[in-house]
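S.K.: from the sequence below, what's the structure:
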Amino acid sequence: MADQKEQAPEVDLASLEQAVQAAADKAEREQSGESSGESNEEPNFEHSTRAVAAKSKSVARRASQIMGSLWGEVIGALFSKDRLARRMALLFFLGLSGIIAALGLAYHRYVILTDLHKLELAGAQETSKNLGDFIQKQSEHAKKKFATLALGKFTVDLKVVEGMTLSRGVLNVAELEITIECDNKETRYYIEDHLTRARDQITGVLTSVDRDELLTREGKHKLKKRLLDHLNAWLPNGKVEELFISNQLLN
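M.R.: All right, here's what the predicted structure looks like:
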C-alpha cells in the first residue's frame with residue numbers, strides 16, 4: 001500500500017519564473033501604452049480627424065460612382081430591347097421631369113410671394129409714414145387753432161410827419177386787423193381774459209407809426225417786431241410767437 005501511494009507532482013521552477021516575468025512585462029507595457037496615449041492625445045485626435053475626412057471623401061466618391069452607374073443603367077434601359085425595361089425607364093424620366101417641374105413652380109411661386117411681401121411691407125411703411133405726417137399736421141393745426149387769437153380791428157391816428165401834406169378829404173388814419181399766435185393755449189387764454197389791456201399795448205405802438213412806414217415792406221417788418229416785443233414784455237408768462245396784420249386800409 002505504501003509503495004502504491006501516488007507521488008506528488010514536481011514543480012517546474014523555471015516555467016514559473018518565466019510566467020511571472022511575462023506578467024510583469026505585460027503590466028509594464030500596458031502602463032507605458034496608457035502614458036504614451038495621454039501624451040499623444042492631440043496627434044491621435046488629428047489623425048482621427050484626417051481619417052474621418054478621408055472616409056467622407058471615399059463615401060462621397062463611392063456615392064458619385066453609384067449615381068453615375070444608376071444613371072447609366074437607366075439611360076441604357078431607355079434604349080434597351082426589353083419592352084418592360086424601356087417602359088420603367090420612361091416612367092422614371094417622366095416622374096423625374098414632374099418633380100423638377102413641381103420644384104420649379106414652387107420656387108417661382110416663392111419668388112412671387114416674396115416680392116408681394118416686400119411690396120406689402122413697403123406699402124405698409126409708406127402708409128405708416130403718411131399717417132404719421134397727417135397726425136403731426138393735424139396736431140400742429142389743432143395747436144395753432146387753440147393758440148391763435150384775433151385781437152380785432154384797430155383804427156388809429158397815424159403819426160404826423162413834418163412837411164407831410166394831405167389832400168383835401170384825406171385823413172391821417174389807418175385801419176387794420178391783427179391776429180396773434182401764442183406758444184400754447186394757456187398764453188392765449190390769458191390774453192383773451194385781458195383782451196382790453198392787450199389791445200392797449202397794440203394801440204400804444206400804432207400811434208407812433210407814420211404813413212410811409214405802413215406802405216413799405218421793411219416798415220411793416222419793423223412794426224411787427226415792435227408789436228411782438230411790446231406784447232411779450234407785457235405778458236407775465238408765455239410768449240406770442242407770430243403776429244399777422246390783415247385788411248390794412250389807409251384813408
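
S.K.: pull out the buried residues from the helix or strand harbouring Arg62.
M.R.: Per DSSP states H and E: Arg62 is located in helix 41-78. Across helix 41-78, burial judged by 16 or more other C-beta atoms under 10 Å covers 74, 77. In this view, the C-beta of every residue, glycine as well, is placed from N, C-alpha and C.

S.K.: and what of stretch 195-208?
M.R.: So for stretch 195-208, counting by 16+ other C-beta under 10 Å, buried means 198, 201-202, 205-206.

S.K.: before we move on, back to that, and the helix or strand that the helix holding Arg62 is followed by, what does it pack onto?
M.R.: Counting by DSSP H and E, the element after helix 41-78 in chain order, helix or strand, is helix 83-147. In this structure, helix 83-147 makes packing contacts with helix 41-78, strand 173-182, helix 185-193, judged by 3 or more C-beta pairs under 8 Å, 6 or more residues apart in numbering; DSSP states H and E.

S.K.: hmm, try it at 10 Å
M.R.: Under the contact criterion of 3 or more C-beta pairs under 10 Å, 6 or more residues apart in numbering; DSSP states H and E, helix 83-147 touches helix 41-78, strand 173-182, helix 185-193, strand 240-250.

S.K.: okay if I get the ones you listed as CSV plus mean pLDDT and distance to Asp157?
M.R.: What follows is those, written out as CSV (pLDDT from 0 to 100; distance: least, C-beta to C-beta, whole Å):
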stretch, mean pLDDT, distance to Asp157
helix 41-78, 73, 105
strand 173-182, 88, 6
helix 185-193, 91, 25
strand 240-250, 81, 12
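
S.K.: surely Met88 touches Gly76?
M.R.: No: when contacts are counted by C-beta atoms under 10 Å, Met88 is not listed as touching Gly76 (12.0 Å).

S.K.: show me the shaky parts of the chain.
M.R.: 1-21, 23-24, 26-47, 138-144, 160-171, 247, 249-251 (pLDDT under 70).
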